[in-house]
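Undergrad: structure for the following, please:
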Amino acid sequence: MSHRPPRRRWPRRAGIVIALVGLGLIGYGAWQYWGTTWVSRAEQDRIVEELERSWAALPSEPPRSTVVEPGTPGGDKDVDGRAHEDGDEVAVQASGTTAEAILRIPAFGSSYAMPILEGTTSEALAVGVGHFSDSARPGEVGNYALAGHRVTHGEPFRDLPDLQAGDQVVIDTARWRYTYVLDTAGDGLEVAFTETWVLDAVPRNPRGGPQPSQAPGQRLITLTTCAELFHTDERLVAFGHLVDRSPRG
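TA: Sure thing, here's the model as predicted:
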(Lines give C-alpha, C1' and ligand atoms only; values in the text may rest on other atoms or scores of the structure.)
Protein backbone atom coordinates (compact mmCIF):
# COMPACT_ATOMS: atom_id res chain seq x y z
CA MET A 1 0.00 0.00 0.00
CA SER A 2 1.52 3.29 -1.10
CA HIS A 3 1.61 6.36 1.09
CA ARG A 4 1.17 9.85 -0.36
CA PRO A 5 3.67 12.36 0.98
CA PRO A 6 2.08 15.01 3.22
CA ARG A 7 1.25 18.22 1.43
CA ARG A 8 3.43 21.13 2.27
CA ARG A 9 1.26 23.95 3.45
CA TRP A 10 3.90 26.48 4.42
CA PRO A 11 4.20 28.09 0.95
CA ARG A 12 0.47 28.76 0.97
CA ARG A 13 0.56 30.10 4.50
CA ALA A 14 3.57 32.25 3.70
CA GLY A 15 1.73 33.64 0.69
CA ILE A 16 -1.25 34.53 2.84
CA VAL A 17 0.99 36.27 5.38
CA ILE A 18 2.77 38.22 2.64
CA ALA A 19 -0.56 39.24 1.12
CA LEU A 20 -1.86 40.41 4.50
CA VAL A 21 1.32 42.38 5.16
CA GLY A 22 1.03 43.96 1.72
CA LEU A 23 -2.59 44.92 2.33
CA GLY A 24 -1.61 46.35 5.70
CA LEU A 25 1.10 48.49 4.13
CA ILE A 26 -1.28 49.70 1.44
CA GLY A 27 -3.86 50.52 4.09
CA TYR A 28 -1.29 52.39 6.18
CA GLY A 29 -0.15 54.38 3.15
CA ALA A 30 -3.74 55.21 2.24
CA TRP A 31 -4.39 56.36 5.79
CA GLN A 32 -1.29 58.54 5.82
CA TYR A 33 -2.04 60.26 2.53
CA TRP A 34 -5.85 60.39 2.59
CA GLY A 35 -7.14 59.45 6.02
CA THR A 36 -5.00 61.93 7.97
CA THR A 37 -6.02 64.70 5.59
CA TRP A 38 -9.71 63.94 6.09
CA VAL A 39 -9.35 63.95 9.88
CA SER A 40 -7.09 67.03 9.91
CA ARG A 41 -9.40 69.08 7.70
CA ALA A 42 -12.29 68.45 10.06
CA GLU A 43 -10.16 69.63 12.99
CA GLN A 44 -8.85 72.63 11.02
CA ASP A 45 -12.42 73.68 10.22
CA ARG A 46 -13.38 73.30 13.89
CA ILE A 47 -10.51 75.49 15.08
CA VAL A 48 -11.21 78.18 12.47
CA GLU A 49 -14.90 78.22 13.36
CA GLU A 50 -14.13 78.43 17.07
CA LEU A 51 -11.71 81.31 16.54
CA GLU A 52 -14.20 83.23 14.41
CA ARG A 53 -16.99 82.61 16.92
CA SER A 54 -14.80 83.80 19.80
CA TRP A 55 -13.74 86.90 17.88
CA ALA A 56 -17.34 87.75 17.07
CA ALA A 57 -18.12 87.71 20.80
CA LEU A 58 -15.50 90.37 21.61
CA PRO A 59 -16.73 93.86 22.55
CA SER A 60 -17.11 96.03 19.47
CA GLU A 61 -14.25 98.36 20.24
CA PRO A 62 -12.85 99.61 16.94
CA PRO A 63 -9.04 99.59 16.99
CA ARG A 64 -6.90 102.42 15.65
CA SER A 65 -6.41 102.34 11.91
CA THR A 66 -2.78 102.03 10.99
CA VAL A 67 -0.81 102.92 7.91
CA VAL A 68 2.07 100.50 7.50
CA GLU A 69 5.25 102.03 6.18
CA PRO A 70 7.53 99.10 5.26
CA GLY A 71 11.18 99.85 5.77
CA THR A 72 10.56 102.60 8.30
CA PRO A 73 12.77 102.17 11.38
CA GLY A 74 11.29 102.58 14.82
CA GLY A 75 10.67 99.13 16.13
CA ASP A 76 7.27 97.57 16.49
CA LYS A 77 5.21 100.77 16.60
CA ASP A 78 2.42 102.33 14.61
CA VAL A 79 3.12 105.43 12.56
CA ASP A 80 1.84 107.58 15.44
CA GLY A 81 4.60 106.15 17.64
CA ARG A 82 2.34 104.15 19.95
CA ALA A 83 2.96 100.50 20.72
CA HIS A 84 1.62 98.05 18.15
CA GLU A 85 -0.66 95.55 19.92
CA ASP A 86 -3.30 93.17 18.69
CA GLY A 87 -5.29 93.27 21.93
CA ASP A 88 -8.01 90.91 23.11
CA GLU A 89 -6.12 87.87 21.88
CA VAL A 90 -8.28 84.76 21.80
CA ALA A 91 -6.55 81.38 21.94
CA VAL A 92 -8.14 78.08 20.98
CA GLN A 93 -6.58 74.98 22.54
CA ALA A 94 -5.56 72.32 20.02
CA SER A 95 -3.03 69.47 19.95
CA GLY A 96 -1.26 70.59 23.09
CA THR A 97 -0.77 74.16 21.88
CA THR A 98 -2.88 77.18 20.93
CA ALA A 99 -4.21 78.82 17.78
CA GLU A 100 -4.59 82.61 17.70
CA ALA A 101 -4.70 83.46 13.99
CA ILE A 102 -6.09 82.32 10.65
CA LEU A 103 -4.13 82.14 7.40
CA ARG A 104 -5.87 83.04 4.14
CA ILE A 105 -4.26 82.90 0.69
CA PRO A 106 -6.61 84.34 -1.96
CA ALA A 107 -4.78 82.51 -4.76
CA PHE A 108 -5.89 79.22 -3.13
CA GLY A 109 -9.56 80.21 -3.28
CA SER A 110 -11.99 82.19 -1.16
CA SER A 111 -12.73 79.19 1.08
CA TYR A 112 -9.08 78.63 2.04
CA ALA A 113 -8.68 79.25 5.78
CA MET A 114 -6.07 77.55 7.93
CA PRO A 115 -5.56 77.89 11.68
CA ILE A 116 -2.09 79.03 12.71
CA LEU A 117 -0.85 77.14 15.75
CA GLU A 118 1.95 78.12 18.05
CA GLY A 119 5.03 75.98 17.44
CA THR A 120 6.05 73.55 14.72
CA THR A 121 5.76 70.22 16.52
CA SER A 122 4.36 67.29 14.59
CA GLU A 123 1.19 67.60 16.67
CA ALA A 124 0.73 71.26 15.73
CA LEU A 125 1.43 70.65 12.04
CA ALA A 126 -1.09 67.80 12.05
CA VAL A 127 -3.97 70.25 12.50
CA GLY A 128 -2.83 73.43 10.78
CA VAL A 129 0.05 75.72 9.93
CA GLY A 130 2.76 76.15 12.55
CA HIS A 131 4.36 79.40 13.70
CA PHE A 132 8.07 79.23 14.51
CA SER A 133 7.87 80.43 18.11
CA ASP A 134 11.17 82.33 18.02
CA SER A 135 10.10 84.38 15.01
CA ALA A 136 8.08 87.63 14.97
CA ARG A 137 4.35 87.77 15.55
CA PRO A 138 1.87 88.98 12.90
CA GLY A 139 2.63 92.52 11.78
CA GLU A 140 5.75 92.90 13.91
CA VAL A 141 9.08 94.14 12.68
CA GLY A 142 11.12 91.06 11.87
CA ASN A 143 10.21 87.78 10.20
CA TYR A 144 6.88 86.06 10.84
CA ALA A 145 7.78 82.48 9.84
CA LEU A 146 5.27 79.70 9.14
CA ALA A 147 5.54 76.01 8.17
CA GLY A 148 2.99 73.55 6.81
CA HIS A 149 2.65 70.14 5.19
CA ARG A 150 2.37 69.67 1.42
CA VAL A 151 0.76 66.24 1.74
CA THR A 152 -1.02 64.50 4.64
CA HIS A 153 -2.63 66.26 7.60
CA GLY A 154 -4.79 68.64 5.60
CA GLU A 155 -2.15 69.58 3.01
CA PRO A 156 -2.20 73.32 3.85
CA PHE A 157 0.76 74.13 1.58
CA ARG A 158 0.21 71.56 -1.17
CA ASP A 159 -0.05 74.32 -3.79
CA LEU A 160 2.69 76.57 -2.41
CA PRO A 161 4.83 76.06 -5.56
CA ASP A 162 2.03 77.66 -7.61
CA LEU A 163 2.25 80.98 -5.78
CA GLN A 164 3.81 83.90 -7.63
CA ALA A 165 5.55 87.07 -6.52
CA GLY A 166 2.80 89.61 -5.91
CA ASP A 167 0.30 87.11 -4.48
CA GLN A 168 -1.26 88.09 -1.17
CA VAL A 169 -0.97 86.27 2.15
CA VAL A 170 -3.53 87.40 4.73
CA ILE A 171 -3.31 86.84 8.49
CA ASP A 172 -6.44 87.41 10.56
CA THR A 173 -6.19 87.90 14.31
CA ALA A 174 -8.84 88.84 16.87
CA ARG A 175 -8.74 92.55 16.00
CA TRP A 176 -6.59 92.98 12.93
CA ARG A 177 -6.08 91.81 9.39
CA TYR A 178 -2.47 91.82 8.16
CA THR A 179 -1.92 91.67 4.42
CA TYR A 180 1.46 90.61 3.08
CA VAL A 181 2.59 90.44 -0.54
CA LEU A 182 5.06 87.79 -1.69
CA ASP A 183 8.40 89.01 -3.03
CA THR A 184 9.43 85.56 -4.29
CA ALA A 185 7.54 82.72 -5.96
CA GLY A 186 6.55 79.62 -4.04
CA ASP A 187 9.06 77.53 -5.98
CA GLY A 188 11.69 80.25 -6.23
CA LEU A 189 13.95 78.98 -3.46
CA GLU A 190 14.81 75.45 -2.35
CA VAL A 191 17.07 74.84 0.64
CA ALA A 192 18.09 71.99 2.92
CA PHE A 193 16.04 71.71 6.10
CA THR A 194 19.21 72.51 8.06
CA GLU A 195 19.46 76.02 6.54
CA THR A 196 17.94 78.09 9.31
CA TRP A 197 18.92 81.48 7.87
CA VAL A 198 15.47 81.62 6.25
CA LEU A 199 14.03 82.07 9.77
CA ASP A 200 16.28 85.00 10.71
CA ALA A 201 14.72 88.38 11.46
CA VAL A 202 16.17 89.58 8.15
CA PRO A 203 16.96 86.47 6.08
CA ARG A 204 20.14 86.92 4.05
CA ASN A 205 20.86 84.29 1.41
CA PRO A 206 24.50 83.18 1.83
CA ARG A 207 24.63 82.23 -1.85
CA GLY A 208 23.21 85.49 -3.10
CA GLY A 209 19.98 83.93 -4.36
CA PRO A 210 16.36 84.87 -3.57
CA GLN A 211 15.91 86.76 -0.33
CA PRO A 212 13.60 89.45 1.08
CA SER A 213 14.41 93.14 1.27
CA GLN A 214 17.40 93.88 3.48
CA ALA A 215 16.15 97.35 4.43
CA PRO A 216 15.86 98.01 8.18
CA GLY A 217 12.48 97.94 9.88
CA GLN A 218 10.87 95.42 7.53
CA ARG A 219 7.83 93.41 8.58
CA LEU A 220 8.41 90.14 6.75
CA ILE A 221 6.69 86.80 6.31
CA THR A 222 8.26 83.45 5.38
CA LEU A 223 6.36 80.34 4.24
CA THR A 224 8.12 76.95 4.26
CA THR A 225 7.11 73.45 3.19
CA CYS A 226 8.58 70.24 1.77
CA ALA A 227 10.04 70.57 -1.71
CA GLU A 228 8.51 67.26 -2.86
CA LEU A 229 5.17 65.60 -2.30
CA PHE A 230 6.88 62.66 -0.62
CA HIS A 231 9.57 62.59 2.06
CA THR A 232 12.47 64.93 1.40
CA ASP A 233 15.02 66.91 3.37
CA GLU A 234 14.63 69.88 1.02
CA ARG A 235 12.32 72.80 1.72
CA LEU A 236 10.58 75.34 -0.49
CA VAL A 237 10.68 78.88 0.89
CA ALA A 238 8.74 82.00 -0.09
CA PHE A 239 9.36 85.49 1.33
CA GLY A 240 7.00 88.46 1.53
CA HIS A 241 6.48 91.80 3.26
CA LEU A 242 3.61 93.57 5.01
CA VAL A 243 1.67 96.10 2.93
CA ASP A 244 -1.45 96.72 5.02
CA ARG A 245 -2.80 96.46 8.53
CA SER A 246 -6.48 97.18 8.97
CA PRO A 247 -9.23 96.45 11.51
CA ARG A 248 -10.67 93.02 10.91
CA GLY A 249 -14.35 92.88 10.19
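Undergrad: looking at the chain, which helix or strand is least sure?
TA: Counting by mean pLDDT, DSSP states H and E, the weakest-scoring helix or strand in the chain turns out to be helix 10-30, with a mean of 50.
Undergrad: what's the average pLDDT for stretch 222-231?
TA: Mean pLDDT, stretch 222-231: 88.
Undergrad: what's the closest non-adjacent residue to the most centrally placed residue in the chain?
TA: Note on the chain: the residue nearest the mean C-alpha position is V129, at 3.0 Å, using CA atoms, centre = their mean. Counting by CB to CB, 6 or more residues apart in numbering, G148 is the residue found nearest to V129 once chain neighbours are left out, at 4.3 Å. Quick note: C-beta positions are derived from backbone N, CA and C, even for glycine.
Undergrad: would you list the phi and psi of that neighbour?
TA: Torsion angles at G148 (phi, psi; degrees, to the nearest 10) stand at phi -160, psi 160.
Undergrad: isn't it right up against F132?
TA: No: contact between G148 and F132 fails when scored by CB atoms under 8 Å: they sit 11.6 Å apart.
Undergrad: returning to that earlier point: next structured bit after the least confident helix or strand of the chain?
TA: helix 36-56 (DSSP states H and E).
Undergrad: quick revisit: what about G148 and F132, which has more around it?
TA: G148 (23 against 19; other CB atoms under 10 Å).
Undergrad: who touches stretch 148-162?
TA: Stretch 148-162 has contacts (CB atoms under 8 Å, 6 or more residues apart in numbering) with 32-33, 36-37, 40-41, 43-44, 103, 107-108, 114, 125-130, 185-187, 223-226, 228-230, 236, 238.
Undergrad: just the pLDDT for the residue nearest to V129.
TA: G148 is given a pLDDT of 95.
Undergrad: where in the chain is pLDDT low?
TA: Residue ranges of the chain with pLDDT under 70: 1-38, 61-88, 153.
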